[in-house]
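Chemist: From the sequence below, what's the structure:
(chains A and B)
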2 protein chains.
Amino acid sequence: MKIGLLGHGTIGGGVDQIIGGIEGMEVKSVVSLEVDDSFRDRHVNGIDDIVNDPEIDTVVEVMGGVEPAFTFVSKAMKAGKNLVTANKALVAAHYEDLIRLSEENGVSFRATASAGGSIPWLVNLSRAKRADTILELAGIMNGTTNFILSKMKNEGADFDETLREAQALGFAEADPSADIDGADIRRKLNISANIAYDVQIPEDSIDTFGIRNVTSQDIRNAAALGRTLKLAGFSGKTEDGIFAYVEPVLLPSEDVMAYIPSNYNLIRYRGAYAGIQSYVGEGAGRYPTAYNVVEDLFDILAGEKHFYTVTAVPAVPDNTAPVHRYYVRTSVITPGLLEMAEDRQDGYVITKPVSVRGMHSFIREQLIRDPAAFIAGIPD
Amino acid sequence: MKIGLLGHGTIGGGVDQIIGGIEGMEVKSVVSLEVDDSFRDRHVNGIDDIVNDPEIDTVVEVMGGVEPAFTFVSKAMKAGKNLVTANKALVAAHYEDLIRLSEENGVSFRATASAGGSIPWLVNLSRAKRADTILELAGIMNGTTNFILSKMKNEGADFDETLREAQALGFAEADPSADIDGADIRRKLNISANIAYDVQIPEDSIDTFGIRNVTSQDIRNAAALGRTLKLAGFSGKTEDGIFAYVEPVLLPSEDVMAYIPSNYNLIRYRGAYAGIQSYVGEGAGRYPTAYNVVEDLFDILAGEKHFYTVTAVPAVPDNTAPVHRYYVRTSVITPGLLEMAEDRQDGYVITKPVSVRGMHSFIREQLIRDPAAFIAGIPD
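Modeler: Residues are numbered from 1 along each chain as shown, chains lettered A, B, ... in the order given. Below is the predicted model:
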């Protein structure tokens, strides 16, 4: 297997290093903005040098971002190269295009590292579907927000301070919005739900509320309720369709998900036969992520073609189906909120069971009245 | 795929039912001590009717026990049938024979459900080895003992009472020794370590201490130390060899394993690249276990031949390498124990770090002096 590597940063360097120790795999050519001695002799001028090299059968894309990644991998797949990518932005944005390119050109397309980092989540999800029906899936799919919430809980620290520390440690980007506003989880949930239910959900149709507004008082309120605050994605299949949303959640003490340490992810599904299957591992990092890229390469060597699924029926989530109580902390109590309220505490309200769609509509409006408002789902 | 099913009890009935809904798979013949209407028309007189049926390509063995299971599956493999089994006693006892039969006859041998029930543990372990080195593995691999310890912790109940309740609920056998003395975990650990390190460890060479002697006071002592008592298996690879042991363990509060609810298993490994990967799911039960049997059948259909590993170098665990503190509760304080002691509390001793081999030798002798003595490892 001769590989063209697109990107030689944190993940790409890890992939290059792991492959260096594997017989029968070789990184022949590298496209990278920056060049160092470890691959100078394999550095080529651009994607065309890889596309036009008949010896290269597989392209590994670890550049990140939607463009030029999509242009590059499209060219490569059209030239008959298999694709392995760890790029969730690419996969979420071009899900249907990539599946079609894979089918049309008879090449493999795998993206296990794009959701869950080191966790063999997508590949196990696709294996599970052979014998089982996936009814639900959920997960802590973002290490940055899990780091922030864990630290706020353990040390009583406030959000801004903890975010700055996460940035200093390299756990959070200079612009942290994709993490703290939930877009990163939304992409991974999107890819997971697409595979689990053979659908294609538009990324922006997933109701999403992040932890930008969380305060240390929210964390203390959660503890007083005997619960732990996490940010997670949820999706499921009902008789009427699919639901999918990202929101802060107050987990009960009997839920293992409440104990996932800061740098780990937990992703789980409920199958009709297998019951609840949970996977816990590092959700990011050089070698953990590179590891799953290399596993995808082994699957291609073993003869895996196509994507995890070949069908992708367009679907829009219907979030009226999932219904649960919410914690709502806002300084502006409206008649609409009072109508939903089951219990009113000092500084926050616990609602009656309401639909996810209803609450996400409410909070979008409420943020105009109270930009500091915060909500968290309360599972039964 | 036409299947001969050996055993039609809890698991076998589940396998039959799941396969009934899958196109391209058929349970053609069933060998079973007891017959009911659901398979009367497919019931045959014995193993020879399956062995001599050229249409049957695969045998599923879910009878349990070592014999006659081994005789039956040997005949079937020699006749060119693939084998899928959920039978840990069979696999642990005849590991090398079964791999040899698989190789000699060019048939597949898979046993995913034999360790972890619903958890795709063995198959993921074997997948991981392609790109990674397994350094350690560990797990709560027995639902019965986890049920007992969880209930004792949550309700302050004593051991005998809880065991009786587990038996009444069908979670524990009439003769509970295999569960409470750790033999069940030992078998699953044995199979896991064999696959992880390409070795073949004799079952009785794994130091094993169960929870027969645990008291509600031990559970309270654990809580006072800020820890949770679980029974688990541990194995690892050092420069000098392999270690493997089963013992009660006082887990710290930051270890997710401490929170695994009663009917679940958690099994994990640490890979050089992937880091710690944990799998959580139901470790037993009709459909969860049958599910993994059917997954094995899909892997055979997809072209998987052989076992998860073809090498099985004989190895005896060296448990002098792993070293940690122990909780020792005994009414007979000996000079040997005092020498190991770091801290002496009311009713128990915390030792200095000692080798697993040393402590297991000590407790075997100590049980003669004090048949009620109890130990638990204390990981750092």
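Chemist: Poorly predicted segments of the stretch 101-250 of chain A, please.
Modeler: Flagging of the stretch 101-250 of chain A using pLDDT under 70 yields an empty set of residue ranges.
Chemist: all helices of it, in order?
Modeler: A:121-131, A:143-155, A:159-168, A:177-180, A:183-197, A:216-224 (DSSP state H, counting those that start in this stretch).
Chemist: Return the most buried member of those.
Modeler: When the helices of the stretch 101-250 of chain A are scored by mean count of other C-beta atoms under 10 Å in any protein chain shown, the highest mean neighbour count falls to helix A:183-197 (a mean of 26). Every C-beta, even on glycine, is put in place using the N, C-alpha and C of the backbone.
Chemist: what's the angle from it to helix A:121-131?
Modeler: 20 degrees (axes from the mean of the first three to the mean of the last three C-alpha atoms, to 10 degrees).
Chemist: mind saving the C-alpha coords of helix A:183-197 as CSV?
Modeler: Provided in CSV are the C-alpha atoms of helix A:183-197 (Å, rounded to 0.1, in the frame of the first residue of the first chain):
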residue,chain,number,x,y,z
ALA,A,183,-20.4,22.9,16.7
ASP,A,184,-17.6,20.4,17.0
ILE,A,185,-19.9,17.9,18.8
ARG,A,186,-22.6,18.7,16.3
ARG,A,187,-20.4,17.6,13.4
LYS,A,188,-19.4,14.3,15.1
LEU,A,189,-23.1,13.6,16.1
ASN,A,190,-24.1,14.4,12.5
ILE,A,191,-21.6,11.9,11.0
SER,A,192,-22.6,9.3,13.7
ALA,A,193,-26.3,9.7,13.1
ASN,A,194,-25.9,9.6,9.3
ILE,A,195,-24.2,6.2,9.6
ALA,A,196,-26.4,4.8,12.4
TYR,A,197,-29.7,5.5,10.6
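Chemist: hmm, back to that, for residue B:188, which of the helices of the stretch 101-250 of chain A is the nearest?
Modeler: When these are compared for distance to residue B:188 using C-beta to C-beta, the nearest one is helix A:121-131, at 19.6 Å.
Chemist: tell me which element residue A:371 is part of?
Modeler: In this structure, residue A:371 sits in neither a helix nor a strand according to DSSP states H and E.
Chemist: Check the gap between it and residue A:261 for me.
Modeler: As judged by C-beta to C-beta, to the nearest Å, residue A:371 and residue A:261 stand 32 Å apart.
Chemist: Present the helices of the stretch 101-250 of chain A as JSON lines; the columns should include distance to residue A:271.
Modeler: JSON lines is the format used below for those (distance: least, C-beta to C-beta, whole Å):
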{"stretch": "helix A:121-131", "distance to residue A:271": "6"}
{"stretch": "helix A:143-155", "distance to residue A:271": "25"}
{"stretch": "helix A:159-168", "distance to residue A:271": "34"}
{"stretch": "helix A:177-180", "distance to residue A:271": "29"}
{"stretch": "helix A:183-197", "distance to residue A:271": "10"}
{"stretch": "helix A:216-224", "distance to residue A:271": "30"}
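Chemist: Run a quick neighbour tally on residue A:23.
Modeler: Neighbourhood size, residue A:23 [other C-beta atoms under 10 Å in any protein chain shown]: 5.
Chemist: element containing it, please.
Modeler: In this assignment (DSSP H and E), residue A:23 forms part of neither any helix nor any strand.
Chemist: OK, contacts around the residue of chain A positioned farthest from its centre?
Modeler: No residue in chain A sits farther from the centre than residue A:335, which is 36.0 Å out by C-alpha atoms, centre = their mean. By C-beta atoms under 8 Å, 6 or more residues apart in numbering or on different chains, the contact list for residue A:335 is empty.
Chemist: More neighbours: which of residue A:371 and residue A:261?
Modeler: residue A:261 (15 against 9).
Chemist: Wait, a strand at the more buried one?
Modeler: No - secondary structure assignment (DSSP: H, G, I helix; E, B strand; the rest coil) places residue A:261 in coil, not in a strand.
Chemist: now for the helices of the stretch 101-250 of chain A, which one comes closest to chain B?
Modeler: Ranking the helices of the stretch 101-250 of chain A by proximity to chain B (C-beta to the nearest C-beta) places helix A:121-131 first, at 4.2 Å.
Chemist: For the stretch 151-300 of chain A, list the residues in contact with chain B, please.
Modeler: In this structure, the stretch 151-300 of chain A approaches chain B at residues A:254, A:256, A:258-261, A:264, A:268, A:271-282, A:285, A:287-288, A:290-292, A:294-295, A:298, judged by C-beta under 8 Å from any C-beta of the partner chain.
Chemist: let's see 6 Å
Modeler: Taking C-beta under 6 Å from any C-beta of the partner chain, the part of the stretch 151-300 of chain A that reaches chain B is made up of A:256, A:259, A:273-275, A:277-278, A:280-282, A:287-288, A:291, A:294-295, A:298.
Chemist: Let's see which of those end up in strands.
Modeler: When DSSP state E defines the strands, the subset of these inside them is A:275, A:277, A:278, A:280, A:281, A:282.
Chemist: what number of residues lie near the last one?
Modeler: Translated: residue A:282. Around residue A:282 there are 21 residues (other C-beta under 10 Å).
Chemist: Who are the contact partners of it?
Modeler: For residue A:282, the contacting residues are A:117, A:118, A:288, B:275, by C-beta atoms under 6 Å, 6 or more residues apart in numbering or on different chains.
Chemist: and the gap between it and residue A:188?
Modeler: 14 Å.
Chemist: Show me the residue sitting in the middle of chain A in space.
Modeler: The structure's chain A has its C-alpha centroid closest to residue A:188; by C-alpha atoms, centre = their mean the separation is 2.4 Å.
Chemist: Apart from its neighbours in sequence, what residue is nearest that residue?
Modeler: residue A:115 (3.9 Å; C-beta to C-beta, 6 or more residues apart in numbering or on different chains).
Chemist: What's the local residue count around the one you found?
Modeler: Residue A:115 has 29 nearby residues by other C-beta under 10 Å.
Chemist: What is the end-to-end distance of stretch A:24-41?
Modeler: 20 Å (C-alpha to C-alpha, to the nearest Å).
Chemist: can you pull the contacts of residue A:153?
Modeler: With C-beta under 6 Å, 6+ apart, residue A:153 has these contacts: residue A:219.
Chemist: how close does it get to residue A:218?
Modeler: Residue A:153 is 10 Å from residue A:218, by C-beta to C-beta.
Chemist: and what of residue A:267?
Modeler: 24 Å.
Chemist: how's chain A carved up into domains?
Modeler: A:2-110, A:122-283 (automatic domain parsing).
Chemist: for those, which one ends up most surrounded?
Modeler: Greatest burial across the domains of chain A, using mean count of other C-beta under 10 Å, falls to domain A:122-283, with a mean of 21.
Chemist: First-to-last residue distance for that domain?
Modeler: Note: domain A:122-283 ends 13 Å apart using C-alpha to C-alpha.
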